[in-house]
Every structure is written in C-alpha cells, then in structure tokens.
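Peer 1: Structure for the following, please:
(2 chains)
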Protein chains: 2
Amino acid sequence: MSQTYSPSLALSAIRIVLCTTTHPGNIGAAARAMKTMGVSDLALVTPRFFPHEEANTRATSAVDILERAQVFDSLEAALKGCHFVVGLTARRRDLSHDMVSLRESAQRAVREINFTFSSEHLHSVYPKAAFVFGTEMSGLSNSELDVCNLLCNIPTDPEFGSLNLGSAVQVTCYELRQAFLGDLPIQPYAQPLAAHEDVEALFVHLERALSITQFLNPKNPKKLMERMRRMLTRTRLEQEEVSMLRGLLKSFERTIAPRAKRADNRERNEEE
Amino acid sequence: MSQTYSPSLALSAIRIVLCTTTHPGNIGAAARAMKTMGVSDLALVTPRFFPHEEANTRATSAVDILERAQVFDSLEAALKGCHFVVGLTARRRDLSHDMVSLRESAQRAVREINFTFSSEHLHSVYPKAAFVFGTEMSGLSNSELDVCNLLCNIPTDPEFGSLNLGSAVQVTCYELRQAFLGDLPIQPYAQPLAAHEDVEALFVHLERALSITQFLNPKNPKKLMERMRRMLTRTRLEQEEVSMLRGLLKSFERTIAPRAKRADNRERNEEE
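Peer 2: Numbering: from 1, shown residues only, chains lettered A, B, ... in the order given. Below is the predicted model:
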C-alpha cells in the first residue's frame, strides 16, 4: 500500500512559520521569497503588525500568500498537523538537539515527508514539514527551540553572521526547492551536436588543408594536429559549426591552390 | 609544482559584477548579501547612482564592501584578470552557450579556480571567477552574455520567476560558500553519546524490570523488547540519558518488588 509522493505535492508540504515578527516589511519579503521558490503555506505566530501596508508593498506579486497566511497565538497552534519541525537558529550554544546545516535539514525534510506519506497507516494524511524562524533581534527562544525535531543553521561568514529574515527565508526556500525537486536540467542543447565521425572528418580535412598551406610541418605533422584536436574537442562542436568550419577550409583550399580546388570539386561531385 | 588552493583564499577568488544597476538600494542589498557569505570583491559596471546614501543604508554593516567596490565603464574592463565568467540569466531562449543550474555553476567555478591555481605556469596568479548580474528590468544583454564562459539559471518557480537582485546575489553567494567551503559540520554533539555496551546493558535492565511488573508477557517477551529496542535505538542516546533511564528503572524496581531491591543492592555492592 505504500505510495510515492508526487513531486507536484512536494513543496505544498512545507510550512514557513514566522514567530513574533517585529517589522511587517519582513513578512512581505518572506512571502516574496517563498513565492519565487514555489512555497506557499505561511503561518504567523503573534506578529506585531499584520496585516500591514508595508508587508503588501514588500511582497509585490506575492500578496496572495499574505492573504492566505494564517495567524496563530502560539507556536504550538501553528505546528498543528506538522510531522517534522526544523528550527532555524544562528546560536551555537550547548544544545541537546542536533544542529545541522540548512542543506542537510532540507534533505531530512524530504525524507521525513516521503516516509510519512508512504507509511501504510498514514497514507490518507498529507504530511507537513515546518521551518520555524524566530523574531528579528533575538531569534527563537529556548522554549520555541524545544519543540523542534531538528535545529538548523544557515552557514554564513562567522565574522558577519546575520542574515536578515527575508534573506534567511529566501535561502531556505531555495534549498527546499532544490531538495524536493532536485537539480533539474535547465535546458537541452539549443543546437544538435556534431557526431564523432563528423568531427573526425573535420580533422582529416583540416590536416589536408594545413598541408597545402605549409602551416603543417611535414616532418612533424603530429604535434600541431594534437593541439588542434585538443582545442576543438574541449568544446562540444555543433553539427552546424562543423559544417561551417569545413566550408571555411574549402574556401581556403579553393583560393590558395588550384590543386586543392580540383580535389574539392572531385569531393563535391562524389557527394552529389 | 602544483599547489593546493588554500580554503581561506577560496572566496576571495570570487568577484560579483553588477551591470548597469538602476536602484542604488539594490547595490547595498547585494553588498550585504555578499558579506554574510564571506564574498567581498564587488565590481560595478556603469551604475546609475553610485556612491549613494540608499546603497549605504541597505548595506548596513557591509559598507566596507561598497567602499572597496570598483566602478568600471565596461563589462570587459570589470572582467580583467578573471579566468572564468558565469552570467546569471532567467531567460531560456535559443542560446549557443550551455545553461546550467546555480549549483552546478558554483561547483564549476570551484573546479576552474582550483585548476587555474594548480596550473604549473600560472601558480603565481591568483585566479578569479566572476558572477555577472544584469540590470534589474531586463537582465544581461546578448553582448554581455556573449563574453561569459557559462550561463547559469537560479531554479525558481516557473510561474513566478523573478528574484530581485539582492535575493539573486544572496542565493548565489550562499551556493558559492557551500561549493568552496563545503557543508562543514556545524557543531559536535553537545553531550557524549552512550557506548553500545551501555545501551545493551540498559535493555537487559529494562527486560528484567518489565518482567517484574508483568508488563512483559513471559510467554512472548521478544516482541515488546523488539519494540523498545526500535524506539530507543532510533535516537542516539547520550551517556547521561542511559544513566537516567537506568536510575528510573532501579527506582521502579525498589518500589515494586523487595526482590528487585535486593538484586539492586547486590549489584550496587558489586559496583563499589
């Protein structure tokens, strides 16, 4: 009865929880950061000002996330229905909790979500993982940290460690998107690549042409051709680029040596 | 003569290049984003307003990066001394360049920097990798894209793809820090973990105690102990937690059965 968790559901399993946010602009920045990465479930625990004009302004076109945001009077209430809770903290103090990097916590969240979803007796439940952010100046309190399953630290320069709230949510949602949807290929090659034999035929043509121009030292032809080969195989040549280079060689041959022109004509006749 | 590139030098090999930035606040946000991740070399190509009060305000304590930023009148000038150039672009059009994800481009930058540095004939040169960001509204122009070795796209929700400049620089510098310095362990375990034999002794003690309370079915003792074992091995118990649990068991034994109390006393005498 185990099911596979659908990728399209994946990011809807994430809830971003902001605790006692002081500046409404930061709530808007967090909403925008979430939306760029496809995360949409925002929970606010006792925000100082919400709703607020400044939150809407900073959210730009992510205002819908603010409109659907739920406001709670305790962290406990905001975590109802969550199966895995990660607390973000910059503090490195004597904690009984494990503290892991952001990347590891995102990967753990994927595993926990998949595991919960595929559990036989829970397959009708949509699992949720919460990422909890503390108030701007002091972060999560000890009692807020205590309800988390895992504590997580965003690696920063230790000499300048403070990410603002919007940036912390941005980097977190980016890592979650990467962890849930993977490093998807961005774009196929724009143009078809040349086949091996076409590139080899180019080298044969090149060697012939360079012999005619005397650029190739007949006593040691190998070294130059090795260099040419190294240069032209490092980049993956496209079909059209090989055609272009062969056309260029032919044009040189025609111009420089009547002998080459005749050879070229012969070749073209053979091709036709 | 090959040398290993020092990790402390690693992030100084990164130059962030902002082309024709319209809003000075974005330059400040970019400087702050860089500083949080330990990146410090900022190059500005024809910024509309710079220096500017708003840039300083948004940079907060990263003003030193703005003070050391160099201003150039062309991208070409800003790239002087760079060995590897990555262009950030959201466009997915018909490009002859490879387009890779941000993570892959950061990893490529590490390889290129290490390779350049370890090259025998270049070992006195400090290599640089540039990450180039276009103007806010339209991104990098075709001629700006043409000078890049690699094009890179930050994976975002295709339905809401626009990261603002500060966020794009933040996520990029985060990935660069991860790629150059790795996913460093954040914090060792706060408390010493229990050794295997201590946990096993706990299970022996638990089984004895549960036999006394009759909670353990003597006809099928195995199943309950398997469940207990599964529950207690899933978390990595600390030394002190094992001591605590054994103390708890002893207190039960003492209370419930004089027989257990005597056994406990014997054990304690043996220990002393």
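Peer 1: so where do the strands sit in the stretch 151-272 of chain A?
Peer 2: Applying DSSP state E, counting those that start in this stretch to the stretch 151-272 of chain A gives no strands.
Peer 1: Any chance of the backbone angles for the closest residue to chain B within it?
Peer 2: Closest residue of the stretch 151-272 of chain A to chain B, C-beta to the nearest C-beta: A:Asp157 (3.6 Å). For every residue, glycine as well, the C-beta is placed using N, CA and C. When read as degrees, to the nearest 10, the backbone of A:Asp157 gives phi -60, psi 120.
Peer 1: Now do the same contact list for it.
Peer 2: Going by C-beta atoms under 8 Å, 6 or more residues apart in numbering or on different chains, A:Asp157 touches B:Lys35, B:Thr36, B:Met37, B:Gly38, B:Arg177.
Peer 1: Please list the members of the residues you listed that lie in helices.
Peer 2: Taking DSSP state H as the definition of helices, the contacts of A:Asp157 contribute B:Lys35, B:Thr36, B:Arg177.
Peer 1: Out of the contacts of A:Asp157, which two sit at the greatest distance?
Peer 2: For the contacts of A:Asp157, the farthest-apart pair by C-beta to C-beta is B:Lys35 and B:Arg177; their separation is 11.4 Å.
Peer 1: one step back: just give me the closest of the ones in helices among the contacts of A:Asp157 to A:Gln107.
Peer 2: In terms of C-beta to C-beta, no member of the ones in helices among the contacts of A:Asp157 lies closer to A:Gln107 than B:Arg177, at 17.6 Å.
Peer 1: How about the contacts made by the closest one?
Peer 2: Going by C-beta under 8 Å, 6+ apart, B:Arg177 touches A:Pro155, A:Thr156, A:Asp157, B:Leu11, B:Met37, B:Gly38, B:Val39.
Peer 1: ditto for A:Thr172
Peer 2: Listed by C-beta under 8 Å, 6+ apart, the contact partners of A:Thr172 are A:Ile16, A:Leu88, A:Leu102, A:Ala106, A:Phe131, A:Ile154.
Peer 1: Next step: these restricted to strands.
Peer 2: When the contacts of A:Thr172 are checked against strands (DSSP state E), the matches are A:Ile16, A:Leu88, A:Phe131.
Peer 1: what about the helices in the stretch 101-250 of chain A?
Peer 2: Ranges of helices in the stretch 101-250 of chain A, per DSSP state H, counting those that start in this stretch, are A:102-118, A:142-146, A:165-181, A:196-212, A:221-234, A:239-256.
Peer 1: buried residues in the fourth one?
Peer 2: Buried residues in helix A:196-212, counting neighbours by 16 or more other C-beta atoms under 10 Å in any protein chain shown, are found at A:Val199, A:Leu202, A:His205, A:Leu206, A:Glu207, A:Ala209, A:Leu210, A:Ile212.
Peer 1: again, but for the longest one
Peer 2: Applying a neighbour-count criterion of 16+ other C-beta under 10 Å, one finds A:Glu241, A:Val242, A:Leu245, A:Arg246, A:Leu249, A:Lys250, A:Glu253 buried in helix A:239-256.
Peer 1: so, if you compare the residues you listed, which one comes nearest to B:Phe49?
Peer 2: The closest of the buried residues of helix A:239-256, once distances to B:Phe49 are taken by C-beta to C-beta, is A:Glu241, at 42.5 Å.
Peer 1: wait, what's in contact with the closest residue to the closest one other than its chain neighbours?
Peer 2: Of all residues not flanking A:Glu241 in the chain, A:Ala194 sits nearest, at 6.9 Å (C-beta to C-beta, 6 or more residues apart in numbering or on different chains). Contact analysis of A:Ala194 by C-beta under 8 Å, 6+ apart lists A:Leu202, A:Arg236, A:Leu237, A:Glu238, A:Gln239, A:Glu241, A:Val242.
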